[in-house]
Every structure is written in structure tokens, then in C-alpha cells.
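In: What follows is a predicted structure for the sequence shown.
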Amino acid sequence: MDLGHWTTTLQYDDNNLHYGFIYRITNTVNNKIYYGKKQIKSVKKLKPLKGRKNKRHFDIETDWRTYT
């Protein structure tokens, strides 16, 4: 699986990475730590088609591979 510039010691495949991940950034000057999260997919909602009442939902991939 292509993880972009992200590095990990864990083994992932496309079925194992469902929602997102948590990452840690350490400032080497003052040793402060920042924790963040990144979602892999988001839901896009569209208006219903003409004559229908329910909305259309699609899962789209976010920019997690190039996110810095």
C-alpha cells in the first residue's frame, strides 16, 4: 500500500486502514510533542435526484497521502 511520505513500522493493507490514523510530531529543539489525526475518507453528500427524497452519499479519499 502506498503511504505517501508517511513512515510506520506497522504493516497495512487497503482493508486494514478504514477510517484514519493518529500521528505524532516532536519538536527537536524544545522536545514539545504534537498529536494529530488524519481521516482517510470523507463523505460527500449530494442533493437528491429529481423526484426522490433521500440524499446521495459517496465516500471520497482525502489528501492524506500528501498532507504535511
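Out: Received it, and whenever you're ready, just let me know what you need. Residues are numbered from 1 along each chain as shown.
In: Let's verify the residue of the chain most remote from its centre: helix, strand, or coil?
Out: What lies farthest from the middle of the chain is residue 51; by C-alpha atoms, centre = their mean that is 34.0 Å. For residue 51, the assignment made with DSSP: H, G, I helix; E, B strand; the rest coil gives coil.
In: what's the distance between it and residue 24?
Out: Applying C-beta to C-beta, to the nearest Å, the value for residue 51 to residue 24 is 50 Å. Where C-beta positions appear, they are placed from N, C-alpha and C, glycine not excepted.
In: Same question for residue 64.
Out: From residue 64 to residue 24 the distance is 16 Å (C-beta to C-beta).
In: who's more crowded, those two?
Out: residue 64 (16 against 8; other C-beta atoms under 10 Å).
In: what's near enough to touch that one?
Out: If you count contacts by C-beta atoms under 8 Å, 6 or more residues apart in numbering, residue 64 has them with 4, 20, 38-40.
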